[in-house]
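Colleague: Kindly generate the corresponding structure for this input.
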Amino acid sequence: MLTKTQTAGKTFSLDVHQRLNAAMRACIAWAAVEEHDKVLDMACGDGQMLSRMNDQLRLTLCGMCETADQARCVSEMLGGADVIPGRMEDIPWRDNTFDIVLLSAALRGDVRRVLSEVVRTLRPGGQFVMASHRFFRHGEGELSRREIMRTMQEAGFGEVSYRATGLCGAIVGWKKGKVDQ
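Modeller: Numbering: from 1, shown residues only. This is a model prediction of the structure:
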């Protein structure tokens, strides 16, 4: 499968932005973003990852965060981006909305439901990039990287892979279906 990265060749310079943690850097490193893509950050925190991506490309930005106050602040910082408080299991956007969904925070809640929501809201051929520590240790009730990748395939991702990047890699999945040209 030819990815958007292979066709567009867009990479982000990360060295000038000190506020990005290893998980955010891994997500950005493997996101196949093109100008005007619609991007959802499922745990946008203070909005720094979206801000960094938008510095280099004009994107339609959306985010989810913990509280209404945080959502308001991040939305204002990002110039009116669509940022809302919400849970990962209940993404409040319509089907086939996003070109890319990012998750640099821990995958929380009902993993199968979260992944189903990501697939539902991604456009056909859309990309999901989720940070995954390279030296992942899983405890009781948590899924290993391999189990998460298998669950992603069961949820409807056609191609799933792990990509190493420094201390934190990324699990990358592509929604089945063709991208309209």
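
Colleague: All the strands of this structure, in order from the start?
Modeller: 38-41, 60-65, 82-85, 98-103, 122-133, 157-163, 168-175 (DSSP state E).

Colleague: out of these, nearest to Pro92?
Modeller: strand 82-85 (6.5 Å; C-beta to C-beta). Where you see a C-beta, it was placed from the backbone N, CA and C, and this is true even at glycine.

Colleague: and that closest one, what does it pack onto?
Modeller: strand 60-65, helix 68-77 (3 or more C-beta pairs under 8 Å, 6 or more residues apart in numbering; DSSP states H and E).

Colleague: among these, which is nearest Thr165?
Modeller: Closest approach to Thr165 among the helices and strands packed on strand 82-85 (C-beta to C-beta): strand 60-65, 21.8 Å.

Colleague: Could you dump the strands of the chain into CSV with mean pLDDT added?
Modeller: Conversion of these to CSV gives the following (pLDDT from 0 to 100):
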stretch, mean pLDDT
strand 38-41, 97
strand 60-65, 96
strand 82-85, 96
strand 98-103, 97
strand 122-133, 93
strand 157-163, 93
strand 168-175, 93
